[in-house]
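Novice: would you be able to build a 3D model of this:
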Amino acid sequence: MKAEDFDFELPESLIAQTPLAERTASRLLTLDKDSGEIGHHVFTDLADYVQPGDTLVLNDTRVLPARLIGTKSDTGAKVELLLLKQLEGDRWETLVKPAKRVKIGASIRFGKDESGAPLLEAAVEEEGDMGARVIRFRYEGIFQELLDKLGEMPLPPYIKERLEDRERYQTVYSKHEGSAAAPTAGLHFTKPFLQQLENKGVSIAYVTLHVGLGTFRPMSAENVEEHVMHSEYYEIDEHNAALIRQTKQRGGRIVAVGTTSARTLETAAAKFPEGLQACSGWTDIFIYPGYTFKLVDALLTNFHLPKSTLVMLVSALAGRERIMAAYKEAVERQYRFFSFGDAMFIY
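Specialist: The predicted structure follows:
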């Protein structure tokens, strides 16, 4: 299977640069994964597609203000650091730009206190591929407070506009900090709309997956099967595992909100084929056509990049031909794409 099989033409004008003023104001394309039937709606019409007894599974990760702009201690050259994963203590896996100028032993400074001393320093300890660096921070005080003060939201590189309100790149139910990117399918929800779904008899469950490096790395392999995903930390507690398990037992549908929730559920399902249990760990699951879903029955997601692992995941659920046809129609009807774009419901 070739990565080229998942390519499509996308006009740059369709890449959403800013979020809508109202979260639920986006459009919703629906795709019946069995018949291929496509429908065009507004996002709140999702209430017509989820039924009493279904369980909506949300990823409650929270995005860190993970983009830091600093200077090299020796030359004063500007350096951009993107926090990806906390390894232990003050050691982090990061992406660095420009990577070729930031070698092992380099020191980067961020911010200044009243005396002119840096508020935060980073020493490079290891080099990896494609700009990856392991760094160790040095500071006084509380790291999270410094990050809130110095950091910016790590918007994807295709978004050129400045984000005025940080919270618009967080879901309204975000809870556990640790992501380098938002689980963007969840950005469409408001608390009143979630309550409306619960009032209808839809259950809400939460999982946590901290979105990491895989979000920022393109497919490097021509053959899909040769691609290796970056590992990300996930967690499901017993209360939510029981809710999901009971939903399946009574014949309800598991509706994953976003590819991160879907990957978490499918990782856990492989561990517990007899019924989901509480679990946590690291996942590098790569879902592409040929994969048989074990827990996920339906998926709410945004529109993804051409040739991306996310297009492959949705193609595994609905079939490549149906996804490509749906994306072609979405382009023709000028749906908004990517993180701040419109939504798609595959059922």
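Novice: thought P183 was touching S261?
Specialist: Yes: contact criterion C-beta atoms under 8 Å: P183 and S261 qualify, at 7.0 Å. Where C-beta positions appear, they are placed from N, C-alpha and C, glycine not excepted.
Novice: got any residues that touch both of the two?
Specialist: Residues touching both P183 and S261 (C-beta atoms under 8 Å, 6 or more residues apart in numbering) are 59, 209.
Novice: tell me where the model's unsure across this structure.
Specialist: Along the chain, the model assigns pLDDT under 70 to residues 215-217.
Novice: which non-adjacent residue is nearest A278?
Specialist: Of all residues not flanking A278 in the chain, E238 sits nearest, at 4.1 Å (C-beta to C-beta, 6 or more residues apart in numbering).
Novice: what's the spacing between the one you found and V134?
Specialist: According to C-beta to C-beta, to the nearest Å, E238 stands 34 Å off from V134.
Novice: buried stuff in stretch 323-336?
Specialist: By 16 or more other C-beta atoms under 10 Å, the buried positions in stretch 323-336 come out as 323-324, 326-327, 330-331, 335-336.
Novice: how far off centre is it?
Specialist: How far stretch 323-336 lies from its chain's middle: 21 Å, per C-alpha atoms, centre = their mean, to the nearest Å.
Novice: dump that stretch to PDB, keeping only the CA atoms.
Specialist: In PDB, the C-alpha atoms belonging to stretch 323-336 read as follows (Å, rounded to 0.1, in the frame of the first residue of the first chain):
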ATOM      1  CA  ILE A 323     -13.100   8.500   2.300                       C
ATOM      2  CA  MET A 324     -11.500   9.900  -0.900                       C
ATOM      3  CA  ALA A 325     -15.000  10.500  -2.400                       C
ATOM      4  CA  ALA A 326     -16.100  12.300   0.800                       C
ATOM      5  CA  TYR A 327     -13.000  14.400   0.800                       C
ATOM      6  CA  LYS A 328     -13.500  15.300  -2.900                       C
ATOM      7  CA  GLU A 329     -17.000  16.500  -2.100                       C
ATOM      8  CA  ALA A 330     -15.800  18.400   1.000                       C
ATOM      9  CA  VAL A 331     -13.300  20.300  -1.200                       C
ATOM     10  CA  GLU A 332     -16.000  21.000  -3.800                       C
ATOM     11  CA  ARG A 333     -18.300  22.300  -1.200                       C
ATOM     12  CA  GLN A 334     -15.500  24.300   0.400                       C
ATOM     13  CA  TYR A 335     -15.500  22.800   3.900                       C
ATOM     14  CA  ARG A 336     -12.800  24.200   6.200                       C
END
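Novice: buried ones in stretch 78-92?
Specialist: By neighbour count with 16+ other C-beta under 10 Å, stretch 78-92 contains the buried residues 79-86, 91-92.
Novice: sorry, wrong one. I was asking about stretch 111-119.
Specialist: Residues of stretch 111-119 classed as buried: 111, 118-119 (neighbour count, 16+ other C-beta under 10 Å).
Novice: do stretch 173-181 as well
Specialist: Buried residues in stretch 173-181, counting neighbours by 16+ other C-beta under 10 Å, are found at 173-174, 177-181.
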